[in-house]
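Asker: Give the three-dimensional model of this entry:
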Amino acid sequence: MADLIDTTEMYLRTILELEEENINPLRARISERLGHSGPTVSQTVGRMERDGLVVVSTDRHLELTDVGRRKAIHVMRKHRLAERLLSDVIGLEWEFVHEEACRWEHVMSEQVERRILEMLDHPTESPYGNPIPGLEELGDIEAVPFTRGVVNIVTLVHGAVGAQTKTIKRLGEPAQVDPELLLQLKQSGVVPGNRAAFSAAGSYVLVEVEGFSQGLELPNEVASHIFVGI
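Answerer: Below you'll find the predicted structure:
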């Protein structure tokens, strides 16, 4: 996959993903998400800073410049439209869609983006429930912000008495990078649109989806990237 990856674009999208979930975009967070070493991340961020794409603030978090933000939005839009095409038209298994879209996001033209929107009746969310940004630039309806009307299930169950029943809305990007985890989620019904009961179980969240006999215990670090409607 490396020959089709634009590292700068990948970093821009990662910063935007962190912002979506209200996570402070530090170089350490990029390192965690992409599995890159600290020196590699620092070198890449330094190059992006020289290119006018990011600014490193006094508290060391990364801020996208106007140019960087536009480019990040374009990459994320292509990624999530590619996910829709791969899922809805090509029929690629849900657990492999994200990984494949990581290739497509770097080579897709705006002409293809517009055609996908027309073919798929103007989707506003990815197959994982995430808003597709920048649609208004293509003449479509602007997507809602990622965190509007949702809460992650760790926050949902914290201090709650008894199970909380909600509709699954989104899977954050960190929950999409592991095909084995995605397959496990799919087999247990933990996908956007399904209703489930959520309850705390120590450092785990127990998820019991309506219509599925087997519950699933998710560690908090995974559960924190699963969002439900409020």
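
Asker: ok, the residue sitting furthest away from the middle of the chain to residue 230 distance?
Answerer: Using Cα atoms, centre = their mean, the residue of the chain lying farthest from its centre is residue 161. It sits 29.5 Å away. Distance of residue 161 to residue 230, computed by Cβ to Cβ, to the nearest Å: 17 Å. Any C-beta I mention is one placed from the backbone N, CA and C, and that applies to glycine too.

Asker: Regarding the closest residue to residue 72 other than its chain neighbours, what is its secondary structure?
Answerer: Distance criterion Cβ to Cβ, 6 or more residues apart in numbering; nearest residue to residue 72, sequence neighbours excluded, is residue 12 at 3.8 Å. With DSSP: H, G, I helix; E, B strand; the rest coil as the basis, residue 12 sits in helix.

Asker: Near residue 12, how many other residues are there?
Answerer: Look at residue 12: counted by other Cβ atoms under 10 Å, it has 25 neighbours.

Asker: residues touching it, list them.
Answerer: Residue 12 makes contacts with 48, 53, 64, 68, 71-72, 75, as judged by Cβ atoms under 8 Å, 6 or more residues apart in numbering.

Asker: again, 6 Å this time
Answerer: With contact set as Cβ atoms under 6 Å, 6 or more residues apart in numbering, residue 12 has these partners: 71-72, 75.

Asker: So which of these belong to helices?
Answerer: 71-72, 75 (DSSP state H).

Asker: Tell me the one of those residues nearest residue 202?
Answerer: residue 72 (36.9 Å; Cβ to Cβ).
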